[in-house]
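S.K.: what follows is a protein structure lacking sequence information:
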C-alpha cells in the first residue's frame, strides 16, 4: 500500500502470489512497500521492501569502429554500440533503438561550432544509419556536405534513443581532406601531344593547353576530369642559371572538359620557366612547370648560283658569281637589309642586296688572278638582328686558266701536244719495229694484195721460192752429205 | 684389232648378200645383215652407222649411190667404230671398183690389214692416206697449178676424169680439209664454194738419219764405210717418182706389220735378233717383211767378221706437209692472166697469210726451224723428227 494505494495481487496457488502494478502509478523516487499476509486461523505475517521508481534507464554509447580519413565527397562510416548503463540492466545491449540525428561540428576559432545537422529532413540523401543487431548501429554520411581547404577534423555526434532508456551519444571525429588533383600540359586540345618544353622563334606564338583531373586513388572521383578550377600561371624569365624574374602572370582561359588554354607569344628572346597552379574548393592545388624558349628567327636560303654546291671549280681567268635569296622563315617574307659576307682565304667580301631579299657577289677574273691556283675554303655568313644563320662552308678551286672555246687549261694543251708527239713517235717506232719483224714472205703477200686491190699491173709473177726451191731447202743438205747435188732432180714426184 | 670384215650389197630379189668376208669363214647372221641394211636405209645417205649391243660391236659404211655396197667391220668390245670412218670409206671405194674382180678376196684381205692402222694412225700415215687416194692426188695437183677450184666444177671434173659412177665428193674433200691441206671459202661472184690450197705435201725417199755417223746407231765401225757407200750408190741413181712413192705407201706406210719393221729400222741399225722381238708387235713373218724391204731397196744387209747380219735402212721415206710459198707466184700468175677473180685471189692471199703466220708462230714455239708445218699443234709435236737413244735391248716405242 502506498499511502492508500492498494497494489494488484494475484494468487498463483501453493501460497505464491504475484504483485503487479503499473510503474507510472507510482511517484518517482524511493518507495517502501509493505506486504501483509492473512489467513483465517493463522497468524498474520508481513514484510517490507524498498522500490525505486526511475524516469529512464541510464545508457551509454560506445564507438566500436571509428571513422578514418576520407577524401572530400566520399562516404564516411562508423559503428557504435548502445548499452544500458544502470543496475540491474548494466551492459544490456539495446537493440531497436533509433539514431535521431547526427550533429556535425568543427572547431572554429577555438570553440566547437555546429556546421551541419543530419536529421530526419535529410536522412537517406546525405546520411543514414542501420541497426546491425546486438545494440550495434552503423552510421554514414557524405563528406561533400562540408567544405575543406585542407585536411580537417569534423566531429560527427550521433544521438540514439530507446523507450525507457536514456538518450546516449558519442563524439567520434572524422578526418576529411581535399581531393588530390594533377595538371598536365599539351600542345593540342585533343591531348594527343604532351609537352614539357616550348621552343618558338621570336614573334611566333604558341597555344598551350592544360588539363586538370583527379589523381586521388582513394577518391571515388579518381581519374575524372575536374572542371571549374582556376588555372593560374606565372612566367619567370631566367636571367641566369640561378636568378629569375617574374615576367608575366595570369589565368588560363577555360576551354571546357578540364581544359584551359593560354597563347604564349615570343615577344622577347630568352629562356623562361612557366609555373601553373590550379585552384578549386575541396580540391588540392595541382602544380606543373615547363620551359619556354624564345629563339632568334631562322633564315631560309634559296640558292641562285653556286651557294649550295659544296665544291666550285673555276678557271683563274673566268669570273665566278654567288647569288642567294634569303627569307624570314617565320613570317615567310623576303629578308632585306641583311649583311651577307663571304670570307675568301681571310679576306671578307660583302654581297650586294636588293629589296627582293636577293644578294649577290661576283669575283672577277682579275680578283681571282690575285689568288694562286689551288683550293680555298669559302665561308658565307648572314647577319641581321634577331635572326640566326649557320654559316655555309664551300670549297672554291681556282684552276689553271683555260682556253676560250674548249675550257681546257692551256697547260694541258702543252701536255697533250707533248704526249701526242710522244705517242706518235712511239707508235711509229713500234710500227717500224713490227714491220721489221714481219717475215719477208708476209710482206710479199701484203704487197701482192695491195697491188691486186688497186688493180695495178704485176710485172713479175715470180716473187718467192718455187716448189723445187722448197724441196731443195728441205733436203738439199742431206744429199750434200752424200756428195750429191739434189739440184739435178726434177720436180717430178715431189 | 677388228675381228673381221664383210662386204655386203643389196639385191632387190634376194635381199642382203655377202660378197666377201675376211677371214673367209666369218659367218654373219642374216638377221644382223637386215638390221644393218635397215639402219643405213633409215639414215638415207652414204656414211657410217655403229651397232653396239652386249654381243655385237660393229661399224658399217655405206658407199651410197645406185650400186651401193656396205663395208661391215666387226670390232672387239673396246674398239671405237668412229675411228675407222676414213678407212672404211677408202675400203668401200676400193671394193666397189673391184666388185667383179676375181681377186676380190685378196684385195679385201689387204684392205682389212690396212684398217688395222686406224685406231693408232699417226700424222705420217694420215698424209699417206690422202696422197694414196688418186682422186685427192689429182685435186691437189690441180690446185697447185690453179690455186683454187670451185666445188661444183670439181664434182663434174672428177666424174669425167675417173668415171667411177657416183662419188661422194664431200668425203673426198673432207679428208683434204681435215688434214689442213685446203680450206673452203665463199667468194662473191662464184656459184659454189671455192677450195684453196694452203698447204702442200712433200713425198720422197731421203737418206737415213744415221748416214753420217752410223756407228752411233749400233753399226759396227768396220761396216760404217760399207754402209755409207751403199747409201750413196743408191741415191746417186735415185730420182723421186710417184710410182715409187705410192708403192712405199701402199706396202710399208699403210701396212701395219711392215710399218712396225720400218719404224724400228728408222731408229737404228739392227740385228736379226732385234727384229725378231717385233713378234710381240704382230710381225710374225719377218722373212717376208725383210724380203719386201729388200725388193723395195729400203734396206741393205751388212755382215761383220762374225757373219752377224745388220739390217740398215738404205733410204728413209718422208711424206710431210709444207707451206707452199710458191703459191704466191701462182696467185700473181693467175692475176696476170685473169684466171680467177681478184676477190677470190685476195681471199686466197688472206688464207695463205693466216696459215703462214700460224706455222711461223708454231715454229717459234717449238724453236725448230724445220718443225713440220702440220695441221694441228698436237700433230706437229707428234710429228717431230723421230729420235731414240738408250739401250736397244728393249724395243722402243717410237710414238
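M.R.: Structure received. Just so it is clear, the structure is predicted and the values come from calculations on it, not from any experiment. Residues are numbered from 1 along each chain as shown, chains lettered A, B, ... in the order given.

S.K.: in the stretch 151-300 of chain B, what residue comes closest to chain A?
M.R.: Nearest to chain A in the stretch 151-300 of chain B, going by C-beta to the nearest C-beta, is residue B:240, at a distance of 3.7 Å. From N, CA and C alone the C-beta is placed, and that goes for glycine too.

S.K.: secondary structure class for that residue?
M.R.: Classification of residue B:240 using DSSP: H, G, I helix; E, B strand; the rest coil returns coil.

S.K.: quick check on it: phi, psi?
M.R.: For residue B:240, the backbone dihedrals (degrees, to the nearest 10) come out as phi -60, psi 130.

S.K.: and the gap between it and residue B:283?
M.R.: Residue B:240 sits 28 Å away from residue B:283, going by C-beta to C-beta, to the nearest Å.

S.K.: quickly list what the closest residue in space to residue A:357 that isn't next to it in sequence is bridged to.
M.R.: Leaving aside its sequence neighbours, residue A:357 sits nearest to residue A:334 (C-beta to C-beta, 6 or more residues apart in numbering or on different chains; 2.8 Å). For residue A:334, the beta-bridge partners under DSSP bridges are residue A:327.

S.K.: number of nearby residues for residue A:334?
M.R.: 18 (other C-beta atoms under 10 Å in any protein chain shown).

S.K.: next, count neighbours for residue 96.
M.R.: Since no chain was named, I'll use chain A. For residue A:96, the neighbour count with other C-beta under 10 Å is 10.

S.K.: wait, chain B was what I had in mind.
M.R.: Residue neighbour count, defined by other C-beta under 10 Å, stands at 20 for residue B:96.

S.K.: same deal with residue A:380?
M.R.: For residue A:380, the count of nearby residues is 22 (other C-beta under 10 Å).

S.K.: how about the contacts made by it?
M.R.: Counting by C-beta atoms under 8 Å, 6 or more residues apart in numbering or on different chains, residue A:380 makes contact with A:307, A:322, A:324, A:340-343, A:391-394.

S.K.: what subset of these is buried?
M.R.: Buried residues within these, defined by neighbour count using 16 or more other C-beta atoms under 10 Å in any protein chain shown: A:307, A:322, A:324, A:340-343, A:392, A:394.

S.K.: how far away from the center of its chain is whichever strand or helix holds residue B:236?
M.R.: Taking DSSP states H and E as the criterion, residue B:236 maps to helix B:221-237. In terms of C-alpha atoms, centre = their mean, to the nearest Å, the centre of helix B:221-237 is found 30 Å from the chain centre.

S.K.: output the contacting helices and strands for it.
M.R.: In this structure, helix B:221-237 packs against strand B:299-303, with contacts taken as 3 or more C-beta pairs under 8 Å, 6 or more residues apart in numbering or on different chains; DSSP states H and E.

S.K.: adjacent strands (with direction) for the strand it packs on?
M.R.: As defined by DSSP bridges, the strand partners of strand B:299-303 come to strand B:309-313 (antiparallel).

S.K.: now do the partner strand, average pLDDT.
M.R.: The average pLDDT within strand B:309-313 is 94.

S.K.: got the angle between it and helix B:221-237?
M.R.: Here strand B:309-313 runs at an angle of 40 degrees relative to helix B:221-237 (axes from the mean of the first three to the mean of the last three C-alpha atoms, to 10 degrees).

S.K.: list of residues touching strand B:309-313?
M.R.: Residues from elsewhere that reach strand B:309-313 (C-beta under 8 Å, 6+ apart): B:208, B:210, B:214, B:218-220, B:223, B:227, B:265-266, B:269-272, B:275, B:290, B:298-304.

S.K.: could you list the buried residues of it?
M.R.: In strand B:309-313, counting by 16+ other C-beta under 10 Å, buried: B:310-313.

S.K.: what's the closest of those residues to chain A?
M.R.: residue B:313 (13.0 Å).

S.K.: now the closest one: how far from residue B:225?
M.R.: Taking C-beta to C-beta as the measure, residue B:313 falls 17 Å from residue B:225.

S.K.: now residue B:81. Nearest residue, chain neighbours left out?
M.R.: residue B:59 (3.1 Å).

S.K.: and residue A:331, by the same measure?
M.R.: Residue nearest to residue A:331 in three dimensions, not counting chain neighbours: residue A:203, with 7.2 Å by C-beta to C-beta, 6+ apart.
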